[in-house]
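> model the structure of this input:
(chains A and B)
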Number of protein chains: 2
Amino acid sequence: MKARIHVFLKPGVLDPQGAAVAGVLKTMGYSEVTEARQGKLIELELSGDDKAAAAARVKEMCDKLLANPVIENFTVEID
Amino acid sequence: MKARIHVFLKPGVLDPQGAAVAGVLKTMGYSEVTEARQGKLIELELSGDDKAAAAARVKEMCDKLLANPVIENFTVEID
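Residues are numbered from 1 along each chain as shown, chains lettered A, B, ... in the order given. This next block holds a predicted model:
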């Protein structure tokens, strides 16, 4: 079973990496870029086959370790 | 228009961040985690409405800046 976790900054939180990416792309001539935001995508291989239980456990992993609840949101997909 | 770029390490390339995530999760008691891999997800806001042209330009941005072709693969989605 695979879990795909997308961790990204909450709207309104300053995203220095995203701002840097947008700035460099504009300097390189890609003027169509108006904004950039950068997040993390974490893929976990999980043993077992109970998707509901896995989703709950992965959410717990995000709350405890993988995402900073103050400034980040996350989504979990179980394949 | 929004472009979603997923940059991730090529199979076989050592992923120290992923290994660290897997190790800590196991230490925390999540023994069902057998492997973890961590990539970047970059979201770009683009002006214009030609999706095909945007996809080509974004691929070019990845080749030139956003992905390291030696160790990384990337996928591009245009919404």
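> rest of the way, CA atoms for contacts and neighbours
Will do.
> show residues contacting the strand ranked longest in chain A.
Using DSSP state E, we find that the single longest strand of chain A is strand A:33-46. Residues from elsewhere that reach strand A:33-46, judged by CA atoms under 8 Å, 6 or more residues apart in numbering or on different chains: A:1-9, A:15, A:17-19, A:21-22, A:25-26, A:54, B:6, B:18, B:22, B:32-47.
> next, the buried residues of stretch A:15-27.
Using 16 or more other CA atoms under 10 Å in any protein chain shown as the test for burial, stretch A:15-27 gives A:D15, A:G18, A:V21, A:A22, A:G23, A:L25.
> how about the contacts made by the nearest residue to A:S47 once chain neighbours are set aside?
With sequence-adjacent residues excluded and distances taken as CA to CA, 6 or more residues apart in numbering or on different chains, A:S47 is closest to B:E32, at 5.0 Å. Contacts of B:E32 were listed using CA under 8 Å, 6+ apart, and they are A:L46, A:S47, A:G48, B:K26.
> check those residues and tell me the two furthest apart.
Across these, no pair lies farther apart than A:G48 and B:K26, at 15.1 Å, counting by CA to CA.
> next, count neighbours for A:V7.
A total of 22 residues lie near A:V7 under the criterion other CA atoms under 10 Å in any protein chain shown.
> element containing it, please.
Counting by DSSP states H and E, the element that carries A:V7 is strand A:2-9.
> tell me which other helices or strands that strand touches.
strand A:33-46, strand A:72-78 (3 or more CA pairs under 8 Å, 6 or more residues apart in numbering or on different chains; DSSP states H and E).
> quick one: A:K59 and chain B, what's the gap?
Distance of A:K59 to chain B, computed by CA to the nearest CA, to the nearest Å: 12 Å.
> is that residue in a helix, a strand, or coil?
Per DSSP: H, G, I helix; E, B strand; the rest coil, the secondary structure class of A:K59 is helix.
> go ahead and confirm it touches A:E77.
No: using CA atoms under 8 Å, A:K59 and A:E77 do not qualify as a contacting pair, with a distance of 10.1 Å.
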